[in-house]
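J.: When you get a sec, could you give me coordinates for this:
(2 chains)
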Amino acid sequence: MPPLLELRQITKQFPGVLANDHIDLTLNEGEILALLGENGAGKTTLMNILYGLYSPDEGEISLRGKRVIIQSPRDAIDQGIGMVHQHFMLIPVFTVTENVMLGVETTRAGVFLDRQLTSQRIKEISDQFNLQVDPEATVENLSVGAQQRVEIIKILYREADILILDEPTAVLTPQEVEEFFRIIRTLVEKGKSIIFITHKLNEVLAIADRIMVLRAGKVVGTTTPSESSKASLANMMVGREVFLTVDKPPAKPGQVVLDVNDLHVLDDRKLPAVNGVSFQVREGEVVGVAGVQGNGQTELVEALTGLRPVSDGMIKVMGKEFSNFPPRQMLEAGAAHVPEDRQLDGLILSMTVSENLVLNTYYKEPFARGITLQKTAIEQAAIERVEEFDIRTPSIYMPVSTLSGGNQQKVIVAREFSRPIKLLIASQPTRGLDVGSIEYIHNRIIQKRNEGCAILLVSSELDEIMSLSDRIAVMFKGKIMAILPAEEATREHLGLLMAGITDIETERVAT
Amino acid sequence: MASKQTNPPETDQKLEADTQTEVIRQMAIRRGVRALAVPALAVFTALIIGAVFITFSSQEVLAAWGAFLQNPIKALSLTWILIRDSYLALFVGAFGSPTQMIDAYHKWQISGDTRPLLEAFRPFSESLVISTPYIFAGLAVALGFQGGLFNIGAEGQLFVGGLASAYVGYAIKDLPFFVHMPLALLAGILAGVVWGAIPGFLKARTGAHEVINTIMMNWIAFRLTDFLLTGPMARPDGLPITPEIRPTAYLPALFPRPMRVHVGFFIALGVAILVYWLLWKTTLGMEIRMVGANPHAARTAGVRTSWILVITMAMSGALAGLAGANQILGVDHRLARAFSTGYGFDSIALALLGNSHPLGVVLASLLFGFLRGGAARMQSVAGVPVEIIRIVQGIVIVFVAAPAIIRGIYRLKKPSEKEAILMGGWAK
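T.: Model prediction:
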């Protein structure tokens, strides 16, 4: 019996980049295939071809042995292929039902929207595949995990047999990831087949039936979880040995750079998000803030970078009070900020790579003399940074929107790390990045720390916190539950603190 | 390009500097051609559709089509003659008649008389005169768009600019030209600055949307003009027109009558270059574009977004004020209620047509100016109503706002995916 899906010799050339180089891919019925590769390896391009967003220069696609031509997502959907993108394509102000029916609206008498019918079908799909979601809920009020379920329901509603999931766990909390795995297994039990694109090596090993690794547009190899390990996969992805843990000399903390004292910050709904937080970060140390997203970390970082007002308490940088100061003053004082949402706060997508590399320094020498921008200086710096930070782009004049997520993050890191900085506040710095990029950024952070920079690292990736931090603070519901030296912290202990269970109770639980 | 495609397996996908420039050049050329293709085809198609409307506007031709079955030749030939005459008239009205120009040149060679030459080039000069306020106002709206702001108030800013420059033009006596004229222009600019800064300030402070506030400021400007023209600024004999401004405040004409083209046209071109320099070569321009493209990232990067909003609206108002001053000082030499034929509103379309880029705005303004210039002659010679040109202009705008229509008609290739992102600029 022919495999469910076969891609043969798929080739796609973009100006200056051979994104897919004669790729062969097979997907069997009821199989979970993981597509692994660094950013820029060509995984998303390949899936976009399968989904009809691009057309291949060479190669063909066959479903169940028969050749098919897919020229648009409509064609792909008709063939039973559905895709959930890394950045959800949902309309926040619409309900779940409206989002699901968008584009394939059911109507009464050809004119009136029949939401009832769709709502019904959504409930059926929900029950059949165990995807709990309220059809009447407004999407913007749903958690990220719920939004993802809506995206999956969208595809199932359109009767997809093959589901393509692009970086599905990038935005999920650890609990949501577990839930997601359960959903995937249910989908496969009910006869669906899944391709998912990811960089997360431990997840690939946990859930995939087969793993295909891409590098620089070519297939490097296909393997199974039983035949591989994190190290071997990372090796295939990057082409060399990858050190998954960071080499860290012991910290030599110096003066206090950041001093936060009883900080209170309100969120957008005027409710307390940061509820009396105090801590210090010294020169040459990394303080990691662990915690499930949504416990006040975002608001804390915004207050520290001047983007949100402080309602009570004090922030001091190098001994000087900096509460409620505008962002530019923080930057001038030697603070650097790698924001959580790179596309919203970190980059201007329509501007070029070189412009984004001077996004917060364009007004200073040598990038400007008085009011005039110094184009050659900006270009020169851009070329150097692209080289130094290994940013994959055909040119510094491409709009930064054409870069992959990982390379976009590298632009931000390149920008922040190329100034003399005393304090680095990094929020989810490796979200959505591949192994090679993560290794690189982690090394850079430790290097800065060794140079005497004070680093505040906020991340929901526990591995990252544990690997990079010298001291770890856990945030829960706007308060710091505890601050531990990294050597003493265990996953279990941190996990409990992240869930709000304090030390006293931990001891009771342990006995 | 082809030889650089095959990378050895271990090389990554970056390019060296020289192939970078090659890639850029190719993309820029492709992008330039594509950028012009849609507007050019839009104009062409709009003229064809305009021809249909022209046909419908003539009783004679319609009657001939009614009797089509009896005399098909007559219907077709009348139609063809009408369309040919109309567009010929349009062309001559816009540019002037080549035969007349050559004729006049010979006459000048023989007798030294410049009058025929001036007459022959008058249509061209008129078209430039009409284009000039479009350029200023188009730049005003385009600058607003670059900063993420919809300045619907260009018309009102234009009015107060005209009022202020008219006042300085007629009320101040005994100033030499090189003081009086710049002073009058400056008055127009400052009035525009104030009229633009107010909505800008309201937006920065309260978030009030500039579309609403600029429209309201328009109404205030119109009524203010009415008030001033029937009272403080009216002529002694009571006519709702300001006194004539003094010749020392004129924007000088470049040629003797009947050619009306004046220095304002070149000032407009200069201002276009200035706006280009501002937006792409200065720190302030970068901040304006940053706030226009992504105010969140701009704020995170340290830009004082509220301040930039005010500055952008103020500068946009200044440009629109210049449009008004240009009309008063260069063309009308006094202010009457009907001195603006909707330049401020048309300029919104022009800014969109020109993709909010100074060069595009200048080209679009020239297009509209020349179309307008030819329209009057089209009416007088071919009997075709002037409104047909408004229809043509409107259709051009529709096509440019929805390029998919043109692409569909002419089966133009859709820009490739990555290039589509590069070209993303028509919609904000």
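J.: Now do the contacts for B:Thr305.
T.: Residues near B:Thr305 by Cβ atoms under 8 Å, 6 or more residues apart in numbering or on different chains: B:Ala204, B:Val291, B:Pro295, B:Ala298, B:Arg299. Every C-beta, even on glycine, is put in place using the N, C-alpha and C of the backbone.
J.: farthest pair in the residues you listed?
T.: Spatial extent of the contacts of B:Thr305 (Cβ to Cβ) is set by the pair B:Ala204 and B:Ala298 at 13.4 Å.
J.: A:Arg215 is in contact with A:Glu38, correct?
T.: Yes - counting by Cβ atoms under 8 Å, A:Glu38 does reach A:Arg215; the two are 6.8 Å apart.
J.: Quick check: neighbours shared by those two?
T.: By Cβ under 8 Å, 6+ apart, the residues touching both A:Glu38 and A:Arg215 are A:Met237, A:Val238.
J.: And those two? Which one has more around it.
T.: Between A:Glu38 and A:Arg215, counted using other Cβ atoms under 10 Å in any protein chain shown, A:Glu38 has the larger neighbour count: 26 against 22.
J.: Report pLDDT for that one.
T.: A:Glu38 carries a pLDDT value of 76.
J.: per-domain residue ranges of chain A.
T.: Domain assignment for chain A by automatic domain parsing gives A:5-238, A:256-334+A:420-510, A:347-406.
J.: where does the stretch 151-300 of chain B have low pLDDT?
T.: Of all residues in the stretch 151-300 of chain B, none has pLDDT under 70.
J.: switch to 90 and redo it
T.: Low-confidence segments of the stretch 151-300 of chain B, defined by pLDDT under 90, are located at B:172-175, B:177-178, B:207, B:230-262.
J.: what residues does it put near chain A?
T.: Within the stretch 151-300 of chain B, the positions near chain A by Cβ under 8 Å from any Cβ of the partner chain are B:280-284, B:286, B:289-290, B:293-294, B:296-300.
J.: Just to be sure, which of those are found in strands?
T.: The strands, defined by DSSP state E, take in nothing from these.
J.: Leaving out sequence neighbours, find the closest residue to the residue of chain A found nearest chain B.
T.: As assessed by Cβ to the nearest Cβ, chain B sits closest to A:Arg328 within chain A, at 3.3 Å. Closest residue to A:Arg328 apart from its sequence neighbours, by Cβ to Cβ, 6 or more residues apart in numbering or on different chains: B:Gly302 at 3.3 Å.
J.: What of A:Leu349?
T.: Using Cβ to Cβ, 6+ apart, the nearest residue to A:Leu349 is A:Ser401, at 3.9 Å.
J.: That neighbour belongs to a helix, doesn't it?
T.: Yes - using DSSP: H, G, I helix; E, B strand; the rest coil, the assignment for A:Ser401 is a helix.
J.: Could you check how many residues crowd around it?
T.: Residues near A:Ser401, counting by other Cβ under 10 Å, number 17.
J.: any idea how far B:Ala338 lies from chain A?
T.: B:Ala338 is 40 Å from chain A, where distance means Cβ to the nearest Cβ, to the nearest Å.
J.: CA atoms only for stretch B:177-184, dumped as PDB, please.
T.: Extracted in PDB, the C-alpha atoms of stretch B:177-184 (Å, rounded to 0.1, in the frame of the first residue of the first chain):
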ATOM      1  CA  PHE B 177      10.100  91.400  -1.800                       C
ATOM      2  CA  PHE B 178      12.800  89.200  -0.300                       C
ATOM      3  CA  VAL B 179      11.300  89.900   3.200                       C
ATOM      4  CA  HIS B 180       7.600  90.100   2.400                       C
ATOM      5  CA  MET B 181       7.200  87.000   0.300                       C
ATOM      6  CA  PRO B 182       9.100  84.600   2.700                       C
ATOM      7  CA  LEU B 183       7.200  86.200   5.600                       C
ATOM      8  CA  ALA B 184       3.900  85.600   4.000                       C
END
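J.: got the contact list for that stretch?
T.: The contact list for stretch B:177-184 (Cβ under 8 Å, 6+ apart) reads B:165, B:168-169, B:172, B:175, B:245-252, B:325, B:329.
J.: And stretch A:96-104, by the same measure?
T.: Residues from elsewhere that reach stretch A:96-104 (Cβ under 8 Å, 6+ apart): A:90-91, A:94, A:113, A:115, A:118-119, A:122, A:133-137, A:139, A:142, A:150, A:153-154, A:157-158.
J.: again, but for stretch A:377-384
T.: Outside stretch A:377-384, the residues that reach it (Cβ under 8 Å, 6+ apart) are A:Val353, A:Ser354, A:Glu355, A:Leu357, A:Val358, A:Tyr362, A:Pro366, A:Phe367, A:Ile396, A:Ser418, B:Ala17.
J.: To what extent is A:Leu423 buried, counted in neighbours?
T.: If you count neighbours by other Cβ under 10 Å, A:Leu423 ends up with 21.
J.: list the contacts for it?
T.: A:Val257, A:Leu258, A:Val281, A:Val317, A:Gly334, A:Ala335, A:Ala336, A:Cys453, A:Ala454, A:Ile455, A:Leu456.
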